[in-house]
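Chemist: The following block contains a protein sequence and its predicted model.
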Amino acid sequence: MNANRGTRLGVLLATVLAGAVVTACAAGTTAEQADKADTASGGSVAEAPAPAPAARDAALERTTIKRSVIATGSLGLAARKPDDVRRRALAVVEALGGGVDKEQATSDDEGRVEEVLLTLRVPADSFEKALDQLAALGTLEHREQSATDVTTQVIDLDAKVKAQRATVESFQRLLARARTIGEVISIEDQLTSRRGELDSLVQQQKYLADQTSMSTVEVQVHRVRHEDTDQAGGFAGGFGDGWRALGRTVVVLGVVLGAVLPFALVLALVGVLYLSVRRLRARGRSAA
């Protein structure tokens, strides 16, 4: 009797696992065909063999595939008031339906913001628009963007999740039909393992969905001082440049004078003492 039950349990488990393998293989074929869709050349329909049902289903699914792309970008800006740029950048992102993932600011000793680092998330279909609007908030120093097509990974992962869910449901049905403690324990072990694998796949699926639906933009804004941005031309520009040069020269001379003055005072004191001694000696000789 125990041998028959063990045999029956083994057959049931083998059936469930075989079904899962078949489903996963069919799903893998779908992902592979989707990956080749962009590179395959057109051929004669008459020469192609009649597609099998699974191939027909895959072809129908492929015709409705939406490309899944992870888009990222980075901007480097210069501005007199980085904190103002930060506020305007947040307003731009919020208007597009996005948000802030992370932000960081550094300030000088006087409390003025020197640099702002922002990690922003925007809807994928507004990615280019967001980059253009953010780049206009300051003096653009660099702009980079990249796109990674993950369509194959998304299809493959979706298929694995579907197959794993089917396997979990099959084990749940087996558990409901179990008659002995041994069968219950064996099936529960398998069910726990399959659920863990399913949870892992679902988390990967959610991550890809988030990355493809929301694009990431890194924005770095550093403060530029007034003299760095004042590029007036003509007489006014030349006069301003000359005045600033004179000011810097005065500052340098002041520094040099401050450094030399202590030594000059010491040398002057030594000179006064030397002259006093010579005069005293000269008077002594005259008196003699």
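Modeler: Received, thanks.
Chemist: Arg278 - how many residues pack around it?
Modeler: With neighbours defined by other Cβ atoms under 10 Å, the count for Arg278 comes to 10. For glycine as for every other residue, the C-beta is placed from the backbone atoms N, C-alpha and C.
Chemist: Quickly find the element holding it.
Modeler: helix 234-287 (DSSP states H and E).
Chemist: what does Arg194 give?
Modeler: Assigned by DSSP H and E, Arg194 falls in helix 181-213.
Chemist: Who does whichever helix or strand comes after that helix pair with, and is each partner parallel or antiparallel?
Modeler: As assigned by DSSP H and E, the chain's next helix or strand after helix 181-213 is strand 214-223. Using DSSP bridges, the strands paired with strand 214-223 are strand 69-79 (parallel), strand 113-123 (antiparallel).
Chemist: Take the ones you listed and write them to a markdown table, including mean neighbour count.
Modeler: As requested, the strands paired with strand 214-223 are arranged in a markdown table below (neighbours: other Cβ atoms under 10 Å):
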| stretch | mean neighbour count |
| --- | --- |
| strand 69-79 | 19 |
| strand 113-123 | 19 |
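Chemist: Nearest to Gln211, out of the ones you listed?
Modeler: Checking these against Gln211 by Cβ to Cβ gives strand 69-79 as the closest, at 4.7 Å.
Chemist: Name the residues linked to the residue nearest the centre of the chain by a beta bridge.
Modeler: Residue closest to the average C-alpha location in the chain (Cα atoms, centre = their mean): Thr216, at 5.8 Å. Counting by DSSP bridges, Thr216 forms beta bridges with Thr72, Arg121.
Chemist: Contacts only, for it.
Modeler: By Cβ atoms under 8 Å, 6 or more residues apart in numbering, the residues touching Thr216 are 71-73, 101, 119-121.
Chemist: What about Thr192, how many residues nearby?
Modeler: The burial count for Thr192: 11, using other Cβ under 10 Å.
Chemist: how close does it sit to Gln204?
Modeler: According to Cβ to Cβ, to the nearest Å, Thr192 and Gln204 sit 19 Å apart.
Chemist: Quick check: buried residues in the helix holding Arg194?
Modeler: Residues of helix 181-213 classed as buried: 183, 186-187, 190-191, 194-195, 198, 201, 205, 208, 211-212 (neighbour count, 16 or more other Cβ atoms under 10 Å).
Chemist: quick one: which of those residues is nearest Ser276?
Modeler: Gln211 (86.8 Å).
Chemist: Surely the closest one touches Ile70?
Modeler: Yes - counting by Cβ atoms under 8 Å, Ile70 is a contact partner of Gln211 at 4.7 Å.
Chemist: overlap in contacts of these two?
Modeler: Joint contacts of Gln211 and Ile70 (Cβ under 8 Å, 6+ apart) are Val150.
Chemist: Would you confirm that Asp108 contacts Glu115?
Modeler: No - assessed by Cβ under 8 Å, Asp108 is found out of contact with Glu115, at 9.9 Å.
Chemist: Now render the strands paired with strand 214-223 as TSV, adding mean pLDDT and distance to Val266.
Modeler: Listed next are these as TSV, based on pLDDT from 0 to 100; distance: least, Cβ to Cβ, whole Å:
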stretch	mean pLDDT	distance to Val266
strand 69-79	97	48
strand 113-123	96	42
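Chemist: Export the ones you listed to CSV and append columns for distance to Ala245.
Modeler: Formatted as CSV, the strands paired with strand 214-223 follow (distance: least, Cβ to Cβ, whole Å):
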stretch, distance to Ala245
strand 69-79, 23
strand 113-123, 26
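Chemist: what about those, which gets the closest to Ala136?
Modeler: strand 69-79 (9.5 Å).
Chemist: and the following helix or strand past that closest one, which residues are buried?
Modeler: Following strand 69-79 in sequence order, the next helix or strand is helix 82-95 (DSSP H and E). Neighbour-count burial for helix 82-95 flags 82-83, 85-86, 88-90, 92-93 (criterion: 16+ other Cβ under 10 Å).
Chemist: isn't there a helix covering Lys66?
Modeler: No - applying DSSP: H, G, I helix; E, B strand; the rest coil, one finds Lys66 to be coil, outside a helix.
Chemist: what's the neighbour count on it?
Modeler: Other residues lying near Lys66 total 8 when counted by other Cβ under 10 Å.
Chemist: And it, how far from Leu96?
Modeler: 21 Å.
Chemist: Repeat that for Gly247.
Modeler: With Cβ to Cβ as the criterion, Gly247 and Leu96 are 45 Å apart.
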